[in-house]
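Asks: I'll drop the sequence and a predicted model, then ask my questions.
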Amino acid sequence: MYDEPVFRAAGDQAVLVKLGDEIDPDTNARVHSLARAIEEADVAGVVDLIPAYDSLLVQYDARAVTTADLRARIVELDSARVEAAGGGRVVELPVLYGGEHGPDIERVAEHAGMAVEEVIGLHSGADYLVYMLGFTPGFPYLGGLDDRLATPRVATPRLEIPGGSVGIAESQTGVYPLTSPGGWNIIGRTPLSLFDPTREPPSLLAPGDLVRFVPLDGPEEYAGVADG
Amino acid sequence: MSPAMEVIEPGLFTTVQDRGRYGFQRFGVPVSGAMDQFALRAANLLVGNDENAAALEMTVIGPTLELKGDAAIAVTGADLTPMLDGSPLPRWEAVRAGAGSRLSFHGMADGMRGYLAISGGIDVPEVMGSRSTYVKGGFGGLNGSALSAGDVLDTLPASGPPRGMPPGFAAPVYGEEHELRVILGPQDGAFDDEAISALLGSTFTVSLDSDRMGYRLEGPQIAHRESPDIISEGNAPGAVQVSGDGVPTVLMADRGTTGGYTKIASVITADVGQLAQAVPGESVRFAAVGHEEAAAALEEQEAILAAIDGVMPTPAVPVAVVVDGETLEVVDDQGDPVTAGEGPARAQRATAVVKGLTYSFEVEVRTDAAAE
């Protein structure tokens, strides 16, 4: 983690604020604190914020604030390190593992040299940090997968992975918010909707949240949660 | 809230767009919005709308639309050869059109994305604070997709009188060679001098693989010093991303919010709209500038938008002089009737015939809103 933010121009109306050069929870927590501090301070000219693993992209109106003034303000807010008020929620995602909802769970088990039950136990036994959202609306980049579950992507990506599918690719785990093509190993599915453009907020998960996967007993329970 | 337009032919790819969707990029929601922001904002201001009102972005082949009520309309951006009821429709100008009029487009003459604003602005539901269509996500605009034949668009009540472009404004000519100014970074350090020279000294060709997400450019390879990958970070508009194959792609309105490729430079705000008008096969060159030049270019565009004002010219009417209850026709040096309402105030020589005698005098023709 860097002592002071490092600034890099991202055009004439955006600046990339780097707080480190690594994927680690402490650096990421500082990113989210800084984002919150900028919002709470209602910094003049700020148009939008994109928090990521170790950086914050700040989009601004160059006619309302100079890049020099904005950078000075960001250094000030970062040094104050406003702590994550209201952040770090724990969000439970019920998941039906295996079967038609998780066609690749045997592949993951085989690769790890363990039983399917052990895969479910390990995957649902940890809390995962939402480092950031991106790629598609509502897609969480999760950190914290047990090394033993790391599995290479499937050889031929599927054209259609249903929304809610929970997958593993290399050392990452994630959830597809919307039906989309993809090459991850699909081990289960959540009946909860991760993204709904008409909902407020549209995304179930926010950057900085912790995700806990809770195994569902069977299709009946899955249907029960899906029906609300 | 009233039906304003019916889509007779949708054109190639016509979508509802406003300035874009902000505040949700942290959830992975792209900004979307008009590709050429200057053209969208000008079109809105011309018809008396807020500059963020929703309008139509038309691509390559414009639509055919039938107006369902009286409205002011303005077409800006690319020249897609607009016609109103079979007559050429001037661009960058507000025009009043009546119910039943037909607006059509007859071929791409310059640029690639045209904008049509209508008084009141298009009334589609706001999704996450914006009416912009994000087709890939299936939300915003009219049912999350491009327009289809038979669609009916509503408008909100008109909010202000139509206006005109400032005196001396020249409509942009986009051409086929696009010069774009960039600010280097955020990862220019991932490239050596040779790669930076290749970016700034070469002519690239716009790939067919270009869309609202990004403009892919074919040309010399921009080689990385080491890895093309970075820890994923937020993507700024206009960012010039270089993937592992050394191909630069400029990220546009529907760009993904985050990405893991190095970005060698970013196109300045004032020039992103120029790229949005570049057609596949046309050429692009980059020049590096600093923040001062970018700010001056932005200020120049903002000054034009701020000066869009005044009263829309009324249809030309002949000027008449009344002497002793007798109405006399006033003609100019060429013998043509002198008319009022065709633009700014002007003075000219004119003559009128009174009881067999020809009088020569000077007339000043003014468009005077206060007189109404």
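Replies: Yes, it's here. Numbering: from 1, shown residues only, chains lettered A, B, ... in the order given.
Asks: Tell me where chain A has helices.
Replies: Here chain A has its helices, by DSSP state H, at A:25-41, A:67-80, A:105-112, A:116-124, A:219-226.
Asks: Alpha carbons of the last one, in PDB - could you do that?
Replies: What follows is helix A:219-226, C-alpha atoms only, in PDB (Å, rounded to 0.1, in the frame of the first residue of the first chain):
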ATOM      1  CA  PRO A 219     -35.000 -27.500  -5.600                       C
ATOM      2  CA  GLU A 220     -38.000 -27.000  -3.300                       C
ATOM      3  CA  GLU A 221     -36.100 -24.600  -1.100                       C
ATOM      4  CA  TYR A 222     -34.600 -22.900  -4.200                       C
ATOM      5  CA  ALA A 223     -38.100 -22.400  -5.600                       C
ATOM      6  CA  GLY A 224     -39.300 -21.100  -2.200                       C
ATOM      7  CA  VAL A 225     -36.500 -18.400  -2.000                       C
ATOM      8  CA  ALA A 226     -37.100 -17.500  -5.700                       C
END
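Asks: what packs against that helix?
Replies: strand A:90-97 (3 or more C-beta pairs under 8 Å, 6 or more residues apart in numbering or on different chains; DSSP states H and E). Quick note: C-beta positions are derived from backbone N, CA and C, even for glycine.
Asks: Buried residues, the strand it packs on. List them.
Replies: Buried residues in strand A:90-97, counted by 16 or more other C-beta atoms under 10 Å in any protein chain shown: A:91, A:93, A:94, A:95, A:96, A:97.
Asks: Now stretch B:142-149: average pLDDT?
Replies: Averaging pLDDT along stretch B:142-149 gives 98.
Asks: wait, what's in contact with residue B:205?
Replies: Counting by C-beta atoms under 8 Å, 6 or more residues apart in numbering or on different chains, residue B:205 makes contact with B:217, B:218, B:219, B:281, B:282, B:283, B:284.
Asks: Tell me the one of those nearest residue B:207?
Replies: Ranked by distance to residue B:207 (C-beta to C-beta), the contacts of residue B:205 are led by residue B:218 at 5.2 Å.
Asks: returning to that earlier point: for the contacts of residue B:205, pick the one with the most neighbours.
Replies: Greatest neighbour count in the contacts of residue B:205, by other C-beta atoms under 10 Å in any protein chain shown, goes to residue B:217: 25 neighbours.
Asks: For residue B:221, give me its contacts.
Replies: B:198, B:245, B:246, B:247.
Asks: biggest separation within the residues you listed, which pair?
Replies: That would be B:198 and B:245, which, of those, are the farthest apart (C-beta to C-beta) at 13.8 Å.
Asks: Which one's more surrounded, those two?
Replies: Neighbour count, other C-beta under 10 Å: between residue B:198 and residue B:245, residue B:198 has more, with 20 against 8.
Asks: Which residue lies closest in space to that one, excluding its sequence neighbours?
Replies: residue B:220 (4.8 Å; C-beta to C-beta, 6 or more residues apart in numbering or on different chains).
Asks: possible to save the buried residues of strand A:90-97 as TSV with pLDDT and distance to residue B:115?
Replies: Listed next are these as TSV, based on pLDDT from 0 to 100; distance: C-beta to C-beta, whole Å:
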residue	pLDDT	distance to residue B:115
A:91	96	41
A:93	97	42
A:94	98	46
A:95	98	46
A:96	98	48
A:97	98	50
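Asks: Quick one: these as a markdown table, columns for distance to residue A:8 too.
Replies: What follows is those, written out as a markdown table (distance: C-beta to C-beta, whole Å):
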| residue | distance to residue A:8 |
| --- | --- |
| A:91 | 32 |
| A:93 | 35 |
| A:94 | 41 |
| A:95 | 39 |
| A:96 | 44 |
| A:97 | 42 |
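Asks: And those residues, which is closest to residue B:94?
Replies: residue A:91 (50.4 Å).
Asks: Kindly provide the distance from the closest one to residue A:37.
Replies: 23 Å (C-beta to C-beta, to the nearest Å).
Asks: Contacts only, for residue B:267.
Replies: Taking C-beta under 8 Å, 6+ apart as the criterion, residue B:267 is in contact with A:11, B:180, B:181, B:182, B:238, B:239, B:240, B:250, B:275, B:286.
Asks: Show me the two of those that sit farthest apart.
Replies: B:181 and B:239 (14.1 Å).
Asks: Looking at these two, which is more packed in?
Replies: residue B:239 (30 against 20).
Asks: Residue B:268 is in contact with that one, correct?
Replies: No. Look at residue B:239 against residue B:268 with C-beta atoms under 8 Å: they stay out of range, at 11.6 Å.
Asks: now the residue of chain A positioned farthest from its centre: how far from residue A:44?
Replies: What lies farthest from the middle of chain A is residue A:63; by C-alpha atoms, centre = their mean that is 32.8 Å. From residue A:63 across to residue A:44, the span is 11 Å (C-beta to C-beta).
Asks: Many thanks, I have nothing further to ask.
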